[in-house]
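Asks: the sequence and its predicted three-dimensional model are supplied below.
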Amino acid sequence: MNQPESAAPPATAPEKPGIAWEIWAAVVVSGVIVLWFFGLVPLFGAGRDMSALGWLRSAWNSDNDYAHGLIFPFLIAGLIIHRRQDLRSAVTTGSFWGLVAVLVGAACYVLAYRTLQPRVAVAGLPIILWGAAWYLWGWQVARIVSFPVFFFWLAIPLPSFQQATMQLQLLATSLAHHGAAWCGVATYTQGTDILPVKGNWPPLSIAGGCSGIHSLMALLMISAAWAFVAKTTLWKKTLLFVSAVPLAIVGNALRVTSIFVIAEYGDAKWARETWHDWSGLLLFYPFSLLLLLGLHSLLEGGLPWHCSRHQQLRRLVASHAAPANPPTPPA
């Protein structure tokens, strides 16, 4: 009599590597070291009395057109939390290549100290954080957090943007002049000043703050975060990001034009004071975000959240569909 063959034990799926306490200890120690060098050691500034992050905090002001910089840490945290489910499932064994990236970021800090350029030090911080994620949790985690981490580069004030203010002032002056004419307000320009032909309200000057550079930098931040969250292809994400430039110019032109229209048909003092201060929040951002939503809807062929829902439904139906040629049972 043949002995019945013993059934082979079922194959068990390989366990996903967890996050051991040693890794969390390394995270805490590394975080303390990074915080010490970037947040506490005074090596930068005119008197070498500011840390790298202290200098960055002082540079987040309206004079540098980066008053919105305080929003970046919260926005970056939100972008990472948005991908928390993907991050949990992406944890694998770390790679020593991450240490190479950490060393590159540390070299940026040393170079910044030698050249008295705190921007270089701050630019090295995302490289260190990204390399640490690669070393501790693997490439897939590093790939997911790459955008939120390097998104911080947009928070570093660059002097070259200040040189573009004059050109933006002239462009805003020209657009506002023509926009006012379309609304029946006759004006003429002298440099960056716009004057009424009738002389019924004082001349209005397109100052540096009215050039749109403040709005442009803030809208670049918003469009970058929008593109990251959008569930679409890479070229569409890129288009959504770069669209912030023309959208900011158009939105700022509409805002400045509204000041002249109110000054012509309403109260000139209220237009140049109260409405000037509040038009950005009440007109520019709603209008620009509506245009950004319109562009996204145009690219997707409908409202983004509806298209995303339809795509998920199609994937779900396709994954549960019966095979076209089911296997024939044995006779």
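Replies: Received it, and whenever you're ready, just let me know what you need.

Asks: what's around Ile81, how many residues?
Replies: 11 (other Cβ atoms under 10 Å). Glycine gets a C-beta too; all of them are placed from N, C-alpha and C.

Asks: correction: Ala46
Replies: For Ala46, using other Cβ under 10 Å, the count is 7.

Asks: tell me the phi and psi of it?
Replies: phi -60, psi -40 (degrees, to the nearest 10).

Asks: same check on Ile194?
Replies: According to degrees, to the nearest 10, Ile194 has phi -120, psi 130.

Asks: can you give me the helices in the stretch 51-200 of the chain?
Replies: 52-59, 72-82, 84-90, 97-115, 118-137, 139-150, 160-163, 165-182 (DSSP state H, counting those that start in this stretch).

Asks: okay, these, which one's buried deepest?
Replies: Of all those, helix 118-137 has the most neighbours on average by mean count of other Cβ atoms under 10 Å, namely a mean of 22.

Asks: show me what it is packed up against.
Replies: Helix 118-137 sits against helix 21-35, helix 52-59, helix 97-115, helix 139-150, with contacts defined as 3 or more Cβ pairs under 8 Å, 6 or more residues apart in numbering; DSSP states H and E.

Asks: Ala218: which of those is closest?
Replies: helix 52-59 (15.4 Å; Cβ to Cβ).

Asks: only alpha carbons, please: show the closest one as CSV.
Replies: Below are the C-alpha coordinates for helix 52-59, written out as CSV (Å, rounded to 0.1, in the frame of the first residue of the first chain):
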residue,chain,number,x,y,z
ALA,A,52,21.4,78.7,9.3
LEU,A,53,17.7,78.3,10.1
GLY,A,54,17.8,81.6,12.2
TRP,A,55,19.0,83.4,9.1
LEU,A,56,16.3,81.8,7.0
ARG,A,57,13.6,82.8,9.5
SER,A,58,14.9,86.4,9.3
ALA,A,59,14.9,86.3,5.5
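
Asks: what about it, average pLDDT?
Replies: Helix 52-59 comes out with an average pLDDT of 92.

Asks: quick check: angle from that helix to helix 21-35?
Replies: 50 degrees (axes from the mean of the first three to the mean of the last three Cα atoms, to 10 degrees).

Asks: residues making contact with helix 52-59?
Replies: 37-39, 42-45, 50, 66, 69, 109, 112, 118, 121-122, 125, 155-157 (Cβ atoms under 8 Å, 6 or more residues apart in numbering).

Asks: returning to what we had before: can I get the helices of the stretch 51-200 of the chain in TSV including distance to Leu291?
Replies: Below are those laid out as TSV (distance: least, Cβ to Cβ, whole Å):
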stretch	distance to Leu291
helix 52-59	29
helix 72-82	20
helix 84-90	30
helix 97-115	37
helix 118-137	30
helix 139-150	23
helix 160-163	22
helix 165-182	15
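
Asks: weakest of those helices in terms of mean pLDDT?
Replies: Taking the mean pLDDT of the helices of the stretch 51-200 of the chain, helix 160-163 comes last: a mean of 58.

Asks: next up, the contacts around Gly105.
Replies: Counted by Cβ under 8 Å, 6+ apart, Gly105 has contacts Gly124, Leu125, Pro126, Ile127, Ile128, Leu129, Gly131.

Asks: would you turn the residues you listed into CSV with distance to Trp235?
Replies: Output for these, formatted as CSV (distance: Cβ to Cβ, whole Å):
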residue, distance to Trp235
Gly124, 30
Leu125, 29
Pro126, 24
Ile127, 26
Ile128, 30
Leu129, 27
Gly131, 28
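
Asks: and His214, how many neighbours?
Replies: With other Cβ under 10 Å as criterion, His214 counts 22.

Asks: and if you look at the one 5 residues further on?
Replies: Other residues near Leu219 come to 26 when the count uses other Cβ under 10 Å.

Asks: I figured it was touching Gly280, is that so?
Replies: No. With contact defined as Cβ atoms under 8 Å, Leu219 does not count as touching Gly280 (10.9 Å).

Asks: Leu295 against Lys237, yeah?
Replies: No. Between Leu295 and Lys237 there is no contact under Cβ under 8 Å: 11.9 Å.
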